[in-house]
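>>> Okay, predicted coordinates and the sequence, questions at the end:
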Amino acid sequence: MPIKYKIGNSILKLIAGDITRQDTEAIVNAANKQLSPGGGVSGAIHRAAGPKLWEECKTLGGCNTGEAKLTRGYNLKAKYVIHTVGPVYSSSADDPVHLRDCYKNSLLLASRKNIKSISFPSISTGVFGYPVKEASIIALKTITDFLKEHPEIELVKMVLFSEGDYNIYKSSLEKILKD
Ligand code: ADP
């Protein structure tokens, strides 16, 4: 069951689903530094967007951890893809900083490009190994703090690929909103 929260003037939705099917103006890709298709959510986004996405990605000169870069969405419903590279989990103090940068820089890029709705996957919690509960708190705290200051972003969807991840994100969000 999707849930919807009002944060300032914006809406934050949590849903269990497939990010490639979302109709927000932009979807975020949990990319690798080469911005190559790879597997996981990135492979799924490239498959759904078609080969032109990789052609455009090749022109961008890669992407550092925590940065965000914009491309068109090609065959996706979303007009744009925002590519961001999450940290490979290493239990170091840099991990939460880099993960926060992914969400923040993606939202800042959306705001600069006048994009009003955006969907995120759970960055770094697949192959990159970030524990989901820790990552969910960083993701949701960064998004809610940003929305309080940026009413120009009207809708953020957090798209979780499993019911288990969805339940973890839901309880983290309830905790954050209570504090
Ligand atoms: P990372 O390398 O950043 O860990 P992954 O793609 O391995 O990225 O995983 C990130 C998250 O995306 C995982 O929770 C994974 O289950 C999820 N995921 C995979 N495919 C999709 C999809 N089509 N839509 C939404 N989330 C997805």
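That came in fine, so what should we check first?
>>> Quick one: residues contacting Gly8.
147-149, 151 (Cβ atoms under 8 Å, 6 or more residues apart in numbering). Where you see a C-beta, it was placed from the backbone N, CA and C, and this is true even at glycine.
>>> Now rank those residues by neighbours and give me the top one.
Neighbour counts for the contacts of Gly8, by other Cβ atoms under 10 Å, peak at Leu147, which reaches 23 neighbours.
>>> Please report the distance of that residue from Leu155.
Going from Leu147 to Leu155 by Cβ to Cβ, to the nearest Å gives 10 Å.
>>> Look up the pLDDT of Pro96 for me, please.
For Pro96, the model assigns a pLDDT of 98.
>>> Quick check, central residue of this structure?
By Cα atoms, centre = their mean, the chain has its centre lying nearest to Phe120, at 2.7 Å.
>>> who's in contact with that residue?
Per Cβ under 8 Å, 6+ apart, neighbours of Phe120: 19, 28, 103, 106, 139, 143, 156-159.
>>> same thing with Lys104?
Taking Cβ under 8 Å, 6+ apart, we find Lys104 in contact with 142, 146.
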